[in-house]
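Visitor: here is the input, now give the coordinates:
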Amino acid sequence: MPALAPWATELVDWYESGAASQFVIFGNVYDRMLVPCGAPQQSARLGTLRDFLLDVLMPRFDVVLSYDLGNGIRIEKGGQVFSTWPNLKENPQLPKAPRAAIETLTHYFRYCANLARLNQSPVQIGCFINGADLLAPAVQGAADYDLGAMITLIRDWANDSLLARHSLATFLIAENLNDLHPLIVHNPRTARIKVPLPSPAEMSQACALMAPDYPDVLGGSTADLESTAQQLAGATLGAVESMLKARQHARQKLALADLVRLKKQIVERDCAGLIEFIESRRTLDDLYGLAKVKAWLRQDIALWNNNDTAALPKGYLICGPVGTGKTFLVECLAGEARVPVVKMKNFRDKWVGSTEGNLEKIFRLLEALGRCYVFVDEADQALGRREGGSSDSGISGRIYSMIAEQMGSSASRGRIVWILASSRPDLIEVDLKRPGRVDVKIPLFPTATPDESRALIDTLCRLRGLSIAADKLAELQSLMPLLLNPGAAETLAVKVYRQVRTSSQDPADALRACLADYQSPVPRDVMQFQIDLAAKEASDREFVPASFWNADR
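Guide: Numbers count the residues shown, from 1 in each chain. Take a look at the predicted model:
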């Protein structure tokens, strides 16, 4: 039989060593997966987690049972052995209601364990609970005695000495660990097994298995299949299979040029809007000014491309007043580096436990993508607080803890680079922006002199096809506003363009009129406050123009 996946090998080691007989299996549990066959003509096939448990992990078990809220108790294997249970003859209809079903399963487990203790026909039993998080959710609030009774019995499957000595293996299946009741998750006799998204090697093997069924889509050499698999890293096998079916129906070959777009669609759909990929044709050349910043970023990209990760930062903090182009800088970095940039969207949810579950999904994706940037906009609002308030049921504190652990992971250096953006970096927890999580802090500033404002406006006008002679621009020097950020400058350029197009006005005259009416969209005191914050956060003095550097910093 082919080698098992690492998560399955870990599970087998726990069971065979006697260290655990109950397993919480979480992560990518509802996807298609490679099921080893052991047959000479085919080493593996695509199946479900149920197929894997039955055919690979429990082929020698005498009885295998399953339960979920929709189907109730099902006999997956060993119906004849199970039918000899005396209780079944008295009550042939197996219960479907949760508490009654768990009590029935526990009764059967103890019956078989007692028979084995008396040396009478020992029965090796396996049982898996699908949707365990629906059966025992991570709820908070008033006491629920039925839920408490079920959790007690489920914990007994691992803790009760009679059952622990018996050949019993139980599997509790949930997509997100945070959705399952903590009394089960944190039971010391229960092992937690994480099923990751398919690795590039697993994706390659799956594509090879599917190729004969989709000849018009995957027809090509082995090298083509491996390249396709590498490009699809981060997607689920189920989503890839659905995409292949649709394209086979349309007789559309899967070209490498299509893969970036298709992967973006697949992953964003799988993550249900929790993330999006930032696609950009811009490069750092499109960024106005910031010579020191661009040089630093290009050095980091070169280190990454050369796999020299020892000096590579684990994260960047981009800070500065509103409108200074923080998101634009990320777009330029994405186009320059040609590395996936994942933007975390609104992962917060009003339901208890859902926010933590959403973060679990995002982290699974990041682990599968390989190299990527993770962009968190408005980081001061998104990343939570160490001390979560009572008004949010502690969600903010749990978010902070999960993200801090993920950002600080030593295994992520050289694979994941975090990018936090905020105009209020003082509101981000100090631990989240310390070295080891955020190593480089890049401040962005508005213009400091009339010359800088004039050059910025001229650049944005030229991008719109408006050419203003240098001498006429010089005449407008006295009207040039200070502390002009790129957002406000772009609004000015659009206004000038509009007046030229609607009134056939000369661009210089239109600019003069717009400058005469200009009013900063950000109050000066707010702008100055945010400038001071950005200057204080800078990790390198060269990033800060001399006019904004505070000698008392």
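Visitor: from now on I want contacts and neighbour counts done on CA atoms only, so please keep to that.
Guide: Fine.
Visitor: return the set of buried residues in whichever strand or helix holds residue 396.
Guide: Taking DSSP states H and E as the definition, residue 396 sits inside helix 395-408. Neighbour counts over helix 395-408 (16 or more other CA atoms under 10 Å) mark 395-404, 406-408 as buried.
Visitor: rebuild these as a markdown table, extending it with distance to residue 419 and pLDDT.
Guide: Formatted as a markdown table, these follow (distance: CA to CA, whole Å; pLDDT from 0 to 100):
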| residue | distance to residue 419 | pLDDT |
| --- | --- | --- |
| 395 | 22 | 76 |
| 396 | 20 | 78 |
| 397 | 21 | 81 |
| 398 | 20 | 80 |
| 399 | 17 | 83 |
| 400 | 16 | 84 |
| 401 | 18 | 87 |
| 402 | 16 | 87 |
| 403 | 13 | 88 |
| 404 | 13 | 88 |
| 406 | 13 | 88 |
| 407 | 10 | 89 |
| 408 | 13 | 86 |
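Visitor: any chance of those in JSON lines, with distance to residue 332 too?
Guide: Below are the buried residues of helix 395-408 laid out as JSON lines (distance: CA to CA, whole Å):
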{"residue": "395", "distance to residue 332": "33"}
{"residue": "396", "distance to residue 332": "31"}
{"residue": "397", "distance to residue 332": "33"}
{"residue": "398", "distance to residue 332": "32"}
{"residue": "399", "distance to residue 332": "29"}
{"residue": "400", "distance to residue 332": "28"}
{"residue": "401", "distance to residue 332": "30"}
{"residue": "402", "distance to residue 332": "29"}
{"residue": "403", "distance to residue 332": "25"}
{"residue": "404", "distance to residue 332": "26"}
{"residue": "406", "distance to residue 332": "25"}
{"residue": "407", "distance to residue 332": "23"}
{"residue": "408", "distance to residue 332": "26"}
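Visitor: so what's the gap between the helix holding residue 396 and the chain middle?
Guide: Distance of helix 395-408 from the chain centroid (CA atoms, centre = their mean, to the nearest Å) equals 13 Å.
Visitor: relative to helix 395-408, how tilted is the helix or strand following that helix?
Guide: Once the chain leaves helix 395-408, the next helix or strand it forms, by DSSP H and E, is strand 416-422. Counting by axes from the mean of the first three to the mean of the last three CA atoms, to 10 degrees, strand 416-422 lies at 130 degrees to helix 395-408.
Visitor: rewinding a little: so which of the buried residues of helix 395-408 comes closest to residue 225?
Guide: residue 406 (31.9 Å; CA to CA).
Visitor: mind listing what the closest one touches?
Guide: Under the criterion of CA atoms under 8 Å, 6 or more residues apart in numbering, the contact list for residue 406 reads residue 363.
Visitor: and it, how close does it get to residue 4?
Guide: Here residue 406 is placed at a distance of 27 Å from residue 4 (CA to CA, to the nearest Å).
Visitor: same question for residue 382.
Guide: 38 Å.
Visitor: repeat that for residue 305.
Guide: In this structure, residue 305 and residue 4 are 32 Å apart, going by CA to CA.
Visitor: still on that earlier bit, neighbour-wise, which of residue 382 and residue 4 wins?
Guide: Taking neighbours as other CA atoms under 10 Å, residue 382 and residue 4 compare with residue 382 leading, 19 against 14.
Visitor: just the pLDDT at the more buried one, thanks.
Guide: Note for residue 382: predicted pLDDT of 83.
Visitor: OK, contacts around the closest residue to residue 159 other than its chain neighbours?
Guide: Nearest residue to residue 159 in three dimensions, chain neighbours excluded: residue 189, at 6.5 Å (CA to CA, 6 or more residues apart in numbering). Contacts for residue 189 (CA under 8 Å, 6+ apart) come out as 19-22, 158-159.
Visitor: how about residue 263?
Guide: 231-232, 235.
Visitor: what kind of secondary structure is it in?
Guide: The three-state assignment at residue 263 reads helix, by DSSP: H, G, I helix; E, B strand; the rest coil.
Visitor: so how far is residue 484 from it?
Guide: According to CA to CA, residue 263 and residue 484 sit 39 Å apart.
Visitor: so what pLDDT did the residue lying closest to residue 252 once chain neighbours are set aside get?
Guide: Once flanking residues are discounted, residue 252 sits nearest to residue 217: 5.9 Å by CA to CA, 6+ apart. Per-residue confidence (pLDDT) for residue 217: 85.
Visitor: work out for me the element residue 217 sits within.
Guide: Going by DSSP H and E, residue 217 is in helix 215-218.
Visitor: so what secondary structure elements neighbour that helix?
Guide: helix 237-249 (3 or more CA pairs under 8 Å, 6 or more residues apart in numbering; DSSP states H and E).
Visitor: and the helix it packs on, what's buried?
Guide: So, applying 16+ other CA under 10 Å, buried residues of helix 237-249: 237-241, 243-244, 247-248.
Visitor: now the residues you listed in CSV, with pLDDT and distance to residue 60?
Guide: As requested, the buried residues of helix 237-249 are exported to CSV (pLDDT from 0 to 100; distance: CA to CA, whole Å):
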residue, pLDDT, distance to residue 60
237, 91, 28
238, 91, 28
239, 88, 32
240, 89, 33
241, 91, 31
243, 89, 36
244, 90, 35
247, 88, 40
248, 90, 39
